[in-house]
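Student: My questions are about this predicted structure, shown below with the sequence.
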Amino acid sequence: MANQEICEKIKGMLVENLRIPEDELEFDSELFGDDIGLDSIDSIEIIAGIDSLFGVQMTGAARENFRTIETLAKYVEEHQGE
Amino acid sequence: MSDMSDNRRVVVTGLGLVCALGENTEQCWSAAVNGVTGIREVKSVNTDGCYANVGAEVLAASKDLSDEDYDRSSLLCIKAAGEALADSGYEITEENSDRIGVIVGNCVGGAASIDKYFTDELKNGGGNKADILKMPAAAIANNVAMHFGLNGTTANIVNACAAGTISLSYAADLIRAGKADAFVAGGSDSFSSLAFAGFHALHALDENSCSPFNRSSGITLGEGAGVLIIESYEHAKARGAKIYCEVLGSGVSSDAHHITAPDPEGKGQMLAIKRAIANSGLTPDDIDYINAHGTGTAKNDEAEFLSLHTLFDGNDHLSVSSTKSMTGHCLGAAGSIEAVLTVKAVCGNTVPPTIGYTDENLETLKEKAGAIDFVPNTKREKNINYAASNSFAFGGNNASIVFAKEPREIPDRTNKDRIFITGIGELLGNPKCEIISDDYKEHGIKMAFYRKLDRFSQLQLISGMRALADAGITVSEENEKDIGIVVGTADGPMTEIVGFQKNVIENGTANGSAFSFPNTVYNAAGGYFSIFAGIKGYNVTNANSIQAGLQSLCYAADVIRNGDEKIMVASGTDENTDVTEYLYGKLGLFGGMLGEGSVSVILENENSADERGAKKYAELAGWATAHKSVEFGTLKGSESALKTAMEEACAAAGVSVKDIDLVCGFANGNKTVDEIEKNVCAELFGSVPVVQLKRDIGESRAAASAKQAAYAAKMIAENEYRCALAASFGVGGQYSAVVLKKAE
């Protein structure tokens, strides 16, 4: 289970920066699936948002890290302070 | 050719150019044919932390372009327009000034002034109010008109990177329709942190100078203005003007594919080019030179490469080059700058090159070029009878236009059918619209699509879909190319622009938002709408103040009459947010009166409406635009143009002003605005009732002006009124009027 606090922060960033309705976004929602429907431009925005929130660089990170809020949070946890 | 009818001939009689290659046409042309680049290290934008720092800026400071205190986009345009008008020898007099108008293509509007204002606001203790009036793209054509005392129709075509070609196309169409003798037509854009940060965020900038169709991995931004005097041949002949060349046909289309990326199969591009060639009465084999869109991004270049190879297969004498390798990508000015260079190419039988090829690149080019001559590095001298210029844009907008050395009779596709209003879609709020998820889900719009849109685009999408539904139109492969879109707006996506800009000011050019940037172009709303609805025909956005929503009906009707489309969605859209309230509040203009929304009206020719068995609200029997240019942001002194627009709309409808039994007015509680309406209506229509819609809907600007027409149509459909008129104003003296008749 990924860190709740990190998940909340990422969720807030996605709601704010990508205009995803808060009530449709769970920590395990498939971000790039049909419902939320993120695309490559959104992933640039996620990279920028993660960088500014946590100072973690995700440029070039493998695609599976971007699957859900939880996978993003896990990546952040593992790479924070590097 | 002696028996050729001259009354549809349109010619180029003047050229003006300012870009990184020089400050006039000769300087720029000489650099272009000699393969000299204008791309240098960027000076006007702070590129700290960016992976690219080259651009093609104009060396002249703003104060050296013109004396006025306008945004740099306007000043660049005035500079080029001054050269073009002087070159044409066109003498502007009080008598002829209303027969020459201004149509300017533009992308970023007053981005440099938006940057300045909010930098002052955020970092220097307060912005200068004068900078607020410099922000909207709507100011540009008006500023040019003011400077030169021109009082013909104005428009600001804001279709991003296709704007500078669509503006020329529209100018030529209006001249052929008899609505003007000439236009100062072109495009203009200044360098801006907005565009630099945006393309940087999308990773769409090349680290080095771009070299399209070659090794380039992105664009290089530029700035400048290109202006052509586009004139009716008969008028040019009567005044003994020098004629550069002929303007033949043009084509405008929509990809309906993606908001920033072109359709990889190039279908929309090919439709625009095919239309331009067919409308010129030519075949692809006739074309000698194409000034390509050629931006240097992999996606554009691959799609355009494919389009050109597909369409011109069998043409053994086609040269293609991208002058963006020297001028940079000047966005809304690009099409017009390239048109000036294309005209020079036709007149001088010389093709300017695409530069940046190494020996190794030349070998690669040999393998992939096929029969097309891509003119690498050095100019090509050859006879050029017919040349085309292509422009493709964000939003999937495509445009192409053909120039010819010799006169040529082009097909007359004029459609004289009556035009009807067959659908209306509205979304209005005073002061704000409440949008709930059912509003978009009702039309099958998924959240995943909808959330991408800024408020301006959301309003447009919902009203557009409502109008199509109301008209009973299902867009299919059968009709997708017969339907077009005109969006009119006063302020466009100003909220998204300001949000993007503030972030760049606070966090640096290197940290622009890739999510937000696509929505900062004024034509994103029309783009999203075309993508969702699948509309692939004409697609244009005109930012021309409050009356733009009504002007969009005039524009759309002209497109139908010209035979380009059977059905047009004509919209007026403006948002009201904290940003618009703040800006209007600072200006002290229409304080506390702003509303917002979008109103879309379906215009359809009689044949199409009857074939579908469509309901008809009313006939759009007459339409007219007029302009008496006064300082942008004011109205006083312009009432004569309101009268002209109203009288000409009546005349076009074949009615007298005495036949009008209902007027839908534009009064909004502002003393000057209300008095102009009151005086002119009293003079023309006596005691006929003037409906004051804005008491209920607020000053929702372009949405309100489109609503006036929609309201008049409904009143005619549901009541005994036989002939209604709607008119609206722009802050700068622009006016549009339409006359609606009972459908019978």
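Tutor: Sure thing, it's come through.

Student: Residue ranges in the chain under the pLDDT threshold?
Tutor: You didn't pick a chain, so chain A it is. A:1-2 (pLDDT under 70).

Student: oops, chain B please
Tutor: Where chain B drops to pLDDT under 70, the residues are B:1-4.

Student: Nearest residue to the middle of it?
Tutor: B:I157 (1.7 Å; CA atoms, centre = their mean).

Student: Go ahead and confirm that residue touches B:V540.
Tutor: Yes - contact criterion CB atoms under 8 Å: B:I157 and B:V540 qualify, at 6.2 Å. Using the backbone N, CA and C atoms, a C-beta is placed for each residue, glycine as well.

Student: Overlap of the contact sets of those two?
Tutor: B:I166, B:Y170 (CB atoms under 8 Å, 6 or more residues apart in numbering or on different chains).

Student: The closest residue to B:S88 other than its chain neighbours sits in which helix or strand?
Tutor: The shortest distance from B:S88 to any non-neighbouring residue, by CB to CB, 6 or more residues apart in numbering or on different chains, is to B:G14 (2.9 Å). In the assignment (DSSP states H and E), B:G14 maps to strand B:10-19.

Student: helices or strands next to that strand in the packing?
Tutor: Helices and strands touching strand B:10-19, by 3 or more CB pairs under 8 Å, 6 or more residues apart in numbering or on different chains; DSSP states H and E, are helix B:25-33, helix B:72-88, helix B:163-176, strand B:224-232, helix B:233-238, strand B:245-254, helix B:334-348.

Student: most neighbours per residue, which of these?
Tutor: The highest mean neighbour count among those belongs to strand B:224-232 (a mean of 32), with neighbours defined as mean count of other CB atoms under 10 Å in any protein chain shown.

Student: The closest residue to chain B within chain A - how many residues pack around it?
Tutor: As assessed by CB to the nearest CB, chain B sits closest to A:G37 within chain A, at 2.4 Å. Per other CB atoms under 10 Å in any protein chain shown, the neighbour tally for A:G37 reads 18.

Student: What residues does the closest residue to it other than its chain neighbours make contact with?
Tutor: Using CB to CB, 6+ apart and skipping the chain neighbours, the partner closest in space to A:G37 is B:A448 (2.4 Å). By CB under 8 Å, 6+ apart, the contact set of B:A448 is A:D34, A:D35, A:I36, A:G37, A:L38.

Student: Format those as CSV; extra columns: secondary structure.
Tutor: CSV is the format used below for the contacts of B:A448 (DSSP: H, G, I helix; E, B strand; the rest coil):
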residue, secondary structure
A:D34, coil
A:D35, coil
A:I36, coil
A:G37, coil
A:L38, coil
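
Student: Just the closest of these to B:V691, please.
Tutor: B:V691 has its nearest neighbour among these in A:G37, at 42.9 Å by CB to CB.

Student: what does chain A have sitting close to chain B?
Tutor: Residues of chain A that fall close to chain B, judged by CB under 8 Å from any CB of the partner chain: A:17-21, A:24, A:34-38, A:41-42, A:44-45, A:48, A:52.

Student: Of those, which count as buried by neighbour count?
Tutor: A:N17, A:L18, A:R19, A:I20, A:I36, A:G37, A:L38, A:I41, A:D42, A:I44, A:E45, A:A48 (16 or more other CB atoms under 10 Å in any protein chain shown).

Student: Which pair of those spans the longest distance?
Tutor: Pairwise over these, using CB to CB, the maximum falls at A:G37 and A:A48, 19.2 Å.

Student: I'd guessed B:A471 sits against B:M465; true?
Tutor: No - in this structure B:A471 lies outside contact range of B:M465 using CB under 8 Å: 10.9 Å.

Student: Please tell me how far B:V569 sits from chain A.
Tutor: B:V569 sits 25 Å away from chain A, going by CB to the nearest CB, to the nearest Å.

Student: Skipping its backbone neighbours, what lies nearest that residue in space?
Tutor: B:I485 (4.9 Å).

Student: Spit out the contact partners of that neighbour.
Tutor: Contacts of B:I485 by CB under 8 Å, 6+ apart are B:254, B:464, B:526, B:529-530, B:535, B:537-540, B:568-569, B:571.

Student: Inside strands: which ones of the residues you listed?
Tutor: Using DSSP state E, the subset of the contacts of B:I485 located in strands is B:S254, B:N539, B:V540, B:M568, B:V569, B:S571.

Student: Out of those residues, which comes closest to chain A?
Tutor: Using CB to the nearest CB, B:S254 is the member of the ones in strands among the contacts of B:I485 that lies nearest chain A, at 20.1 Å.

Student: who does that closest one bridge with?
Tutor: On the basis of DSSP bridges, B:S254 is bridged to B:N397.

Student: just checking, it touches B:K536?
Tutor: Yes - if you go by CB under 8 Å, B:S254 and B:K536 touch, sitting 5.2 Å apart.

Student: where does the residue of the stretch 51-200 of chain B found nearest chain A land in three-state SS?
Tutor: Using CB to the nearest CB, the single residue of the stretch 51-200 of chain B nearest to chain A is B:H200, 10.6 Å away. Recorded secondary structure, B:H200: helix (three-state DSSP).

Student: Could you find the closest non-adjacent residue to it?
Tutor: The shortest distance from B:H200 to any non-neighbouring residue, by CB to CB, 6+ apart, is to B:C50 (5.3 Å).

Student: Many thanks, I have nothing further to ask.
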